[in-house]
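Trainee: Provide a 3D model corresponding to the input given below.
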Amino acid sequence: MSIVSQDEEFMESISRPNPSFNTSLTDAEKQLSELQSRKQTQLVEQNQQYLEQLFMENATQPIKIRNVQLTNAQHFRDSFIEAQFRPLLSGHVLSLENYLSRVDDVSKNFQKMSVVDQILCNTHQVNAPSTRSMDFAGLRKPMAAATVTGGAINIVPVFNIIPVKRFFAKTGTNIGNGEGDGFIQFQLRNIFGGGENLVFDAVTGTKTSSSYLVNYNQPVLNNANYIWETAISINSRKFDWIQSNVMSKSFTNKLYTQFHDSKWNCEVVVENSVRNLSNYASKSYEVMQQGGQSIKSSIGYNVHYDTRDNKHLPFAGRFFQFGVEYNGLFPKWNRFPYVKTASQVQQAWSLPLLNSHLLTSCKFGLLYPLTSQNSSRTQSSSILDRFFIGGPNDVRSFSLNGLGPRDQNSFVGGDLFLNGGVSLFTNIPRYADSNFKIHNFLNWGKIVTLDRQVGLAENFKKLSQSHCLSYGFGILYNHPMARFELNFVLPLIANEGDSIRKGIQYGIGVSFL
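Mentor: You can find the predicted model right below:
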C-alpha cells in the first residue's frame, strides 16, 4: 500500500542520487557534497517522522469511503473484485487507522494470490455525495447512501494495479541436498480472472531421472486466505541410501490457509499414490522383500506457528510445526497402513554482547504401523514411509540419510527419531551487514525401528540412548531464495554402521537443522 502525497514525492526526489556526480572532485567539493548528502538524509528522516506523527495524531479521524476505483479491472471477474474490496465498502464510518489497515489488507490479499506484479493506492478527498457507488475502471454499481456523521472526511481510494502476465515460462537448474537437476516450468496465472493458476513442471537430474507435475490452485470462494490445490505428479527418483529406484504416480488435494495477520496457519492434505520400488544394487533382504508396487491413500493435517524474521536464517522469533497423517483410507489396497506424526520447534535469540545470534532446533517423529502384530517385524512399515536423518541440511558430519538402522549396504530408516542442533551465527568483522556469516554448530540425533512387542515406553528409552553427536564450523551465505553453507565437520560420537563424514561438507537448501 502506498499513500501518495506531495511530501512523499518531494522526499523521493531529494533521495535520488545525482547522476552528474564526478569522482574527480577536490577535497573541499567532496566535503561539501557529503555535507549536502547528510542534510538531505536528515531532511528525509524529519519528513518521515513528521508524517508518522501526523498519522498518530489523526489516527481516530473519521473517514467515509465514497467509492473505490481500480485500474485494469478488466483482468478480473466482477465477483472476485467485489469480494476483495468488500472490507472497504461496508458503508460504515472508519477511523484513519482502521482505513489504512483495511487498504493494507486488500493490497496483501492481491499479492498473496500472485495475481499482481505491483499494487499501489492513492487516496483522494472528495465532497460529500448524496449517493455512493463502487467504480472499477468503468464498472459502476449504485449502492445505497449511508449516513455520514459530522466531521467525517469523504475519500476515494484509487488502486493502481499492474496484473501479472497470463502466461509465464522459465527454465533453470536446482542444486541442493547432494543433487542437481534442470527444470522447465510453464504457468498460466489468473486464468478465469479470480486467482486461478495452472503450473506444469518437468524436471530431470542426477537423482531425479524424470519428474512431471501439473498443479492447479485457486482461492476458495474468492477468499485469499483459503487456497484449494490439486496436483497430479509422475516421478522417478534414485534413492542411493537404499540402492533403489522409486517410481510414483500421485494425485493430491490440499486445502490450506495463508493468513497474513495471524502467525497460525494450517493445511489438510489427501494423497493417493501408486509407488513402485525397484532394487538395483541393494543387498538388504528388507529392500528386496518390499520391492514391487504399493498403494498409499492417506489424509493428513498440519499446523504451524511462525514469528521468525527470516525463513532460511532466523535471527529472532520462534517456529512450531505439528503434523499427523493416517494411511489406510482403502484398507483392501493399503499394504502398509499407519499413523504418523512429526513435530518441529525452533527458537532464535539475539546476543548483542557477542555480536552474534543463537538458533536452537529440535525435531521429533513417530510412525506407528497398523499392520497385524503377527506379521514379520520387517514388514511392519514401508521403507518409503519411514523417517531418515543425517546429511548437510540435517545432522551434519553424516552422509545424506546415512544415520540409523542399516541392513547390509542399505540404510532402511526408522519409525522413531529425535534430533536437534544449536547454531551460533557471528558477523564477519567489518562486514556486519553482509549476508555472509561465521557459523559454529553442534548437532545430535538418534533414529530407531519401533518394536511393538515391548511397548512405547521401552522404545522411547531406546531412543534416549547413544545419540550421535557432531561439531563443525564454517561460513554461510543467506540468499533470499536459499541458504548456502561450507563447513568443516567432525563427528564426535557415532554408532556402529553410521556413515560418517569428516572434513569439508557443503549444504544448499531452504531448511536446516
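
Trainee: Show me the shaky parts of the protein.
Mentor: 1-25, 46-59, 128-150, 174-180, 373-379 (pLDDT under 70).

Trainee: Recalculate using a threshold of 50.
Mentor: Along the chain, the model assigns pLDDT under 50 to residues 1-23, 130-149, 376-378.

Trainee: Now do the domain split for it, please.
Mentor: 6-57, 62-163, 167-509 (automatic domain parsing).

Trainee: Let me have these in TSV, adding mean neighbour count as columns.
Mentor: Just so you know, the C-beta spots here come from the backbone N, C-alpha and C atoms, and that holds for glycine as well. Putting the domains of the chain into TSV (neighbours: other C-beta atoms under 10 Å) gives the following:
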stretch	mean neighbour count
domain 6-57	11
domain 62-163	16
domain 167-509	17
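
Trainee: check contacts around the residue lying closest to Gly497 once chain neighbours are set aside.
Mentor: Computed as C-beta to C-beta, 6 or more residues apart in numbering, the closest residue to Gly497 that is not its neighbour in sequence is Arg406, at 4.1 Å. Arg406 makes contact with Val412, Gly497, Asp498, according to C-beta atoms under 8 Å, 6 or more residues apart in numbering.

Trainee: The last one: what secondary structure?
Mentor: Yep, that's Asp498 we're talking about. Here Asp498 is recorded as coil under DSSP: H, G, I helix; E, B strand; the rest coil.

Trainee: Could you shift the numbering so residue one becomes 35, and keep it that way?
Mentor: I'll keep to 35 as the first residue from here, and by that count the last item is Asp532.

Trainee: Quick check: phi and psi on it?
Mentor: Main-chain dihedrals, Asp532, degrees, to the nearest 10: phi -70, psi 140.

Trainee: do the second one as well
Mentor: Dihedral angles of Gly531 (phi, psi; degrees, to the nearest 10) stand at phi 100, psi -20.

Trainee: Distance of Val280 relative to Ser244?
Mentor: 12 Å (C-beta to C-beta, to the nearest Å).

Trainee: between the two, what contacts are shared?
Mentor: Common neighbours of Val280 and Ser244 are listed as Ser270 (criterion: C-beta under 8 Å, 6+ apart).

Trainee: just to revisit the earlier point, dump the contacts of Arg440 into a markdown table; add distance to Asp343 as well.
Mentor: As requested, the contacts of Arg440 are exported to a markdown table (distance: C-beta to C-beta, whole Å):
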| residue | distance to Asp343 |
| --- | --- |
| Val446 | 39 |
| Gly531 | 40 |
| Asp532 | 35 |
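
Trainee: closest to Asn474 among those?
Mentor: Asp532 (22.4 Å; C-beta to C-beta).

Trainee: Closest to the centroid, which residue in this protein?
Mentor: With distances taken as C-alpha atoms, centre = their mean, Lys345 lies nearest the centre of the chain, 6.9 Å away.

Trainee: Could you pull up the contacting residues of that one?
Mentor: Taking C-beta under 8 Å, 6+ apart as the definition, contacts of Lys345 comprise Val544.

Trainee: after the helix or strand hosting Gln118, next one along is what?
Mentor: Assigned by DSSP states H and E, Gln118 belongs to helix 112-119. Going down the chain from helix 112-119, the next helix or strand is strand 128-129, by DSSP H and E.

Trainee: can you give me the helices for this structure?
Mentor: Assigned by DSSP state H, the chain shows helices spanning 40-49, 61-91, 112-119, 130-146, 319-323, 490-497.

Trainee: Compare these and give me the one nearest Ile423.
Mentor: Between Ile423 and these, the tightest spacing by C-beta to C-beta is seen for helix 490-497, at 12.1 Å.

Trainee: Can you list the neighbours in contact with the closest one?
Mentor: With C-beta under 8 Å, 6+ apart, helix 490-497 has contacts from Leu450, Phe451, Leu452, Lys480, Val482, Leu484, Asp485.

Trainee: 10 Å - rerun?
Mentor: Helix 490-497 is contacted by residues 398, 400, 402, 448-452, 480-486, 488-489 when judged by C-beta atoms under 10 Å, 6 or more residues apart in numbering.
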